[in-house]
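J.: what follows is a predicted structure for the sequence shown.
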Amino acid sequence: MSRVKGPTQNQVAKLAGVSQAIVSHVLNNNTAVSIPTETRQRVLDAIQRLGYEPDTNAQALRLGITKNIGLIIPDMHNPHFWQYVDGVEQETAARGYSLLVSSMNLDPEQGKKVFKDLVRQQIDGLILMGSFIKRSEEAREILKRILQRGLAVVEITEHLQDDHHVDRVVGDYRLATTELVSHLLALQHRRIGLIYGVQAPVLGEDRLLPYQDSLRAAGLPVDDALVARCGPAIEDGYQATLQLLQLPSPPTALIAINDLLAIGALRAAEDLHLQVPRHLSIAGFDDIPISKYFVPRITTVTKETVGMGRTAVKLLIERINDRSRSLQTVNVTAQVVTRESTGPAPA
């Protein structure tokens, strides 16, 4: 039985009244060639009318492209990171790319393995989320080699450092942390605890350091006993809260450096028969979707994470199309979202 062939690129060109080369440039989104908007639209209309579907395998062989993008996230269990994935997936689909997602599960060694495995795949570009690049000399060497090889790379990060070698989307929490501490100080809290749940210190410094600086600026002591160092999971937040509330002079407010930790803190307060925010105020970071459905709704700090994911893809595709362009950094401002879990300090 013979296979029925679909419309060809040549038929698209004839219907649109252009050359086959113009059709190819439109299909491949080749920004190096200037094509009038009206001509481009004629080609797109012809593609739609004929129901033309490009042979992606042939394109990959001919142009050296795969239409695949890789993404590494730090932790598949934290919904915060899936908000970025949502944005990345939306933008890759809109631009005709497929997405390969891997997780390092907060393990630097696993991160290096995932990194190596993913760059061996046939991908046009890679989006990184994860501090293992900064903590691992081996990972930095791998990154250096793949950049020399010509693979396009974009990083989504919370750390604005000078020694960057790739395009970046930066969502720094420093200013928002200062605003969050100011919010609690205005509510007359003077014993403010921090649930510092991180896999590595560098992951939370944009919250720890402004927290400490804000207390100093308010003339309050920086009490290390009020900083509970733990892991980043809900149970870690639960145990850290029990630890802080057993202090001889316990805090009246807690800042958790992610919303999962804040959820654990809410449960601990409930188990200790403390009402939030009447007896204890609790705030988090990341604004994961479930945070506004708890009782009480959680005060948190938000970034436009879906938008950051989409921006990362745009930067990546711009880099794929033009390897010589200067390095780009897009900064995203975080904001405090005041909800029901924070209130005046108890008398």
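T.: Looks like it came in fine. Numbering: from 1, shown residues only.

J.: rest of the way, CA atoms for contacts and neighbours
T.: OK.

J.: for residue 211, see how far away residue 334 is.
T.: Computed as C-alpha to C-alpha, to the nearest Å, the residue 334 to residue 211 distance reads 15 Å.

J.: apologies, that question was intended for residue 241.
T.: Per C-alpha to C-alpha, residue 241 is found 17 Å from residue 211.

J.: repeat that for residue 165.
T.: Using C-alpha to C-alpha, one obtains 29 Å as the distance from residue 165 to residue 211.

J.: neighbour count winner among the two?
T.: residue 211 (23 against 14; other C-alpha atoms under 10 Å).

J.: hang on, that one packs against residue 178?
T.: Yes - with contact taken as C-alpha atoms under 8 Å, residue 211 and residue 178 are classed as touching, separated by 6.4 Å.

J.: domain assignment for this protein?
T.: 9-54, 68-172+304-335, 175-302 (automatic domain parsing).

J.: so which helix or strand takes in residue 22?
T.: Counting by DSSP states H and E, the element that carries residue 22 is helix 20-27.

J.: contacting residues around that helix?
T.: 9-10, 12-13, 33, 35, 40, 43 (C-alpha atoms under 8 Å, 6 or more residues apart in numbering).

J.: run the last query once more with 7 Å
T.: Here helix 20-27 makes contact (C-alpha atoms under 7 Å, 6 or more residues apart in numbering) with 9-10, 13, 40, 43.

J.: out of the residues you listed, which is nearest to residue 171?
T.: Residue 171 has its nearest neighbour among these in residue 40, at 35.7 Å by C-alpha to C-alpha.

J.: what about that closest one, neighbour count?
T.: By other C-alpha under 10 Å, 19 other residues sit near residue 40.

J.: okay, which residue is most central for the chain?
T.: By C-alpha atoms, centre = their mean, the mean C-alpha position of the chain lies nearest to residue 84, the distance being 4.4 Å.

J.: what pLDDT, on average, does the host helix or strand of that one get?
T.: Assigned by DSSP H and E, residue 84 belongs to helix 79-94. In this model, helix 79-94 carries a mean pLDDT of 93.

J.: which helices and strands sit right next to it?
T.: Other helices and strands packing on helix 79-94, by 3 or more C-alpha pairs under 7 Å, 6 or more residues apart in numbering; DSSP states H and E, are strand 98-103, helix 305-321.

J.: and if we set it to 10 Å?
T.: strand 68-73, strand 98-103, helix 259-271, helix 305-321 (3 or more C-alpha pairs under 10 Å, 6 or more residues apart in numbering; DSSP states H and E).

J.: okay, those, which one's buried deepest?
T.: Ranked by mean neighbour count, the helices and strands packed on helix 79-94 are led by helix 259-271 with a mean of 24 (mean count of other C-alpha atoms under 10 Å).

J.: show me what that helix is packed against.
T.: Against helix 259-271 (3+ C-alpha pairs under 10 Å, 6+ apart) you get helix 79-94, strand 192-197, helix 234-245, strand 253-256, strand 281-283, strand 300-302.

J.: now do 8 Å
T.: Contact partners of helix 259-271 among helices and strands, from 3 or more C-alpha pairs under 8 Å, 6 or more residues apart in numbering; DSSP states H and E: helix 234-245, strand 281-283.

J.: pull the CA atoms of the longest one into CSV?
T.: Looking back up the chat, that one is helix 234-245. Provided in CSV are the C-alpha atoms of helix 234-245 (Å, rounded to 0.1, in the frame of the first residue of the first chain):
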residue,chain,number,x,y,z
ILE,A,234,7.4,20.6,54.8
GLU,A,235,8.5,18.3,57.6
ASP,A,236,11.6,20.4,58.0
GLY,A,237,9.5,23.5,58.5
TYR,A,238,7.3,21.6,61.0
GLN,A,239,10.3,20.5,63.1
ALA,A,240,12.1,23.9,62.8
THR,A,241,9.0,25.7,64.1
LEU,A,242,8.7,23.3,67.1
GLN,A,243,12.4,24.1,67.8
LEU,A,244,11.9,27.9,67.6
LEU,A,245,8.7,27.9,69.7
